[in-house]
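**Q** Structural data only, the sequence is not supplied:
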């Protein structure tokens, strides 16, 4: 799968025996230990490892929770409290799983923005990017279903509202949307039947994610990593073996991330959730403010910005779908925003747009909130559909270094303003580029 | 965001645009909720022994809070997720084993069916769930004029004070850094001390009571507390304010019985991770030191 | 040379220290994942049960459920008690009493399998000590085995009228749970 020569040397008889039959140690050696990695990756490149950690934490704590959870309308809420009160370390498992979902999204969003900034989606990494978007979609589905399992008020009404999105298809072919929604529900409203199937799928999808992650890493290891210069690897001195250089760097970054994670688990476990979800689901009463979890707020803002039901749903799904097209919407011949004076600014404008949409998603859709929601929704799509293709034509990129090595050696003496620029994002537990 | 030395003119224009947009946005963010604030009552944060990194419950306060619950609240509100044994478990009010047995035995709990197929009542045991005052929600509504007194088991986590009143990233950051998780007890304290005469011109619905902390200000529950209502034996003031503090703390414990265990373990985990981070940083630096980067 | 050596010692120390510290943390994190499967607080707190002995006549037995296990309560006849007392403890496959209320090394005499002054009542955990089946012998028509107590149909273990293993693959006598007589006709198990 990788183009570099295998450097694996089986030393013992057992290793030689296994190498002829199942060359797993060779695969691990070539794809992990010795994998040639650009020598200039900064801390924004540590989120791949962090995300693997998040997935592992979610699957492990999730399997544990499923040992104690009861997926029925009568038992779900109480069984979650049983986990919190009676099960040994149950509170730790549940809070880690709940906070873990948020941390997973923190990491995945940073990972996405890093890809957008450094042009990691551009040829030859289009498939890698597309697999990433598929993982994001699977994560969103999994997180949504997991949230429903608590069977609190927010769980129940989130299921009601989100499944009802499909009823918008009624405006194309009357009856089809309703039929789909009833099929999802297994009834004429959200009931315990719905809960049980959401539980089944919530348990299944993480393993699908793990599968796509394997493909994602495979697709990464064919062209190799992008890097902050965006310049392709040209010579041996451009790369260093993944181990021990990036294993130690990733581990350090992961520990910092774990600190943030642990802070939420132990000292603010309910901060990212909503109080109403500690009220058991009541099909007769909708809470006064229903809001999704924070990681869905931007999409929620886009949904509500459009006054037409079907178009709103299309815009919301379109905001993810447009990501699939990014490799072809970007027409620039330079990958990294470091050498793209215009794109750099539009990138930050886009980041702000996403944050603002997130804020608006938590607000009632009225007055100025709605107006701003529309403006920023429009800009979200303008960024991808107009600015990205246009910039390639009008922007004059700065000269890129001839090679990664040249850039590294240059910088070792001079320093670079770009590292400071990207470190300006708040909230991320990462240091600026290494010097 | 730092500006790289060679930023061209278009960047400056754009930067201006971004700043302007952000300011405009923050402006509306701060401005708009002003009218929302009048709907959402302002609720002040209270000092609690269980807040912060080293927070822990005050045993005497939890015992007093339980007394208030039992003598006042329990007449209408159940706590079905609690068991009498919880009252004696570490990290809670920590009543003695005998006291827990006595509290449980004072309650007649439904059991059965017996060998004759009949349901019966017997004195409670520590493993029994708190007995609810009503057989079911419908009876509760019927007795309370249509209003259902909610179960209080997780009430302290099911309520919070409005933190979304203003666009305040600094406020969010402050709450995260402080580990602020006491919105529930803050609200409950405000609710129980929030009964007052309705302002002139308020049209009160029949059977409702005016409460400054309650959303919409009209609450079905009449003021449950009054001075000297509960007879404290430890010399604590017998005031509505003290009663509501104690019962709010008790409800927080009921909703989050593992809080002390969580905070204790959390401190160890954080210290471990900080040491690990330092070690890994040194290791990483050592390994990279041979390489120009 | 000297500095090179101390450098590499320092390096080795740091790597080993970091690795060991990370491993300790990883191992500690495993414990909650293992411990969560142990009986939880609600299971541990499961109440004891009371059994009314009045309706059980001599020669009859009832089975009650305690902590998810069948408990055999047998009202023994004089003959059955005599039979149990005839056995020589030192000849038994398992000479220990297996009584939760007695020390571990108490001999498996009939009195040690029951309570003083209540020798006619035999109370046992009705689970074969071989592989966990429930022995036959509670109902009147049941096959009670060669020693007139219980017979486990799974692998052919024979228990006598004091619930002691006499023949077959089971290694231990049936366990006697913790119980006490609340009154002459009422027993509290657990």
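**A** Yes, it's here. Quantities reported herein were computed from a predicted structural model and do not represent experimental measurements.

**Q** show me where the stretch 201-350 of chain A has helices.
**A** A:242-267, A:297-305, A:309-329, A:341-361 (DSSP state H, counting those that start in this stretch).

**Q** Ignoring the adjacent residues along the chain, who's closest to residue B:160?
**A** Nearest non-adjacent residue to residue B:160, counting by C-beta to C-beta, 6 or more residues apart in numbering or on different chains: residue B:183, 3.3 Å away. Heads up, the C-betas are built off the backbone N, CA and C, glycines and all.

**Q** Contact partners for the one you found?
**A** A:275, B:159-161, B:163 (C-beta atoms under 8 Å, 6 or more residues apart in numbering or on different chains).

**Q** Any residue of whichever strand or helix holds residue B:254 touching chain A?
**A** According to DSSP states H and E, residue B:254 maps onto helix B:240-255. Yes: against chain A, helix B:240-255 shows contacts by C-beta under 8 Å from any C-beta of the partner chain at residue B:255.

**Q** Just the mean pLDDT for that helix, thanks.
**A** What helix B:240-255 shows for mean pLDDT is 98.

**Q** Quick one: low-confidence residue ranges for the stretch 51-200 of chain A.
**A** Along the stretch 51-200 of chain A, the model assigns pLDDT under 70 to no residue.

**Q** can you give me the helices in it?
**A** A:76-85, A:90-118, A:126-149, A:153-164, A:176-185, A:192-221.

**Q** Would you mind putting the ones you listed into JSON lines with mean neighbour count alongside?
**A** Formatted as JSON lines, these follow (neighbours: other C-beta atoms under 10 Å in any protein chain shown):
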{"stretch": "helix A:76-85", "mean neighbour count": "22"}
{"stretch": "helix A:90-118", "mean neighbour count": "22"}
{"stretch": "helix A:126-149", "mean neighbour count": "20"}
{"stretch": "helix A:153-164", "mean neighbour count": "22"}
{"stretch": "helix A:176-185", "mean neighbour count": "16"}
{"stretch": "helix A:192-221", "mean neighbour count": "17"}
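
**Q** Nearest approach to residue B:170 belongs to which of the ones you listed?
**A** When these are compared by C-beta to C-beta, helix A:90-118 sits nearest residue B:170, at 19.1 Å.

**Q** Quick one: list the elements packing against the closest one.
**A** With contacts taken as 3 or more C-beta pairs under 8 Å, 6 or more residues apart in numbering or on different chains; DSSP states H and E, helix A:90-118 sits against helix A:47-66, helix A:76-85, helix A:126-149, helix A:242-267, helix A:341-361, helix B:259-288.

**Q** could those helices be laid out in TSV, adding distance to chain C?
**A** Putting these into TSV (distance: least, C-beta to the nearest C-beta, whole Å) gives the following:
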stretch	distance to chain C
helix A:47-66	5
helix A:76-85	7
helix A:126-149	18
helix A:242-267	8
helix A:341-361	32
helix B:259-288	4
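
**Q** Those: which one's closest to residue A:12?
**A** helix A:242-267 (20.0 Å).

**Q** Quick one: mean pLDDT over the closest one.
**A** Mean predicted confidence for helix A:242-267 is 97.

**Q** That helix and chain B, are they touching?
**A** Yes: in terms of C-beta under 8 Å from any C-beta, part of helix A:242-267 sits within range of chain B, namely A:244-245, A:248-249, A:251-252, A:255-256, A:258-259, A:262-267.

**Q** and the helices of the stretch 201-350 of chain A, which is most packed in?
**A** Among those, helix A:297-305 has the highest mean neighbour count (mean count of other C-beta atoms under 10 Å in any protein chain shown), at a mean of 24.

**Q** how distant is that one from the center of its chain?
**A** 18 Å (C-alpha atoms, centre = their mean, to the nearest Å).

**Q** Check whether that helix comes near chain B.
**A** No: counting by C-beta under 8 Å from any C-beta, chain B is not contacted by helix A:297-305; separation bottoms out at 11.5 Å.

**Q** ok, the contacts of residue B:183 vs residue A:237, which is closest?
**A** residue B:163 (52.9 Å).

**Q** Would you pull up the residue in the stretch 1-150 of chain A closest to chain C?
**A** Going by C-beta to the nearest C-beta, chain C is nearest to residue A:89 of the stretch 1-150 of chain A, at 3.7 Å.
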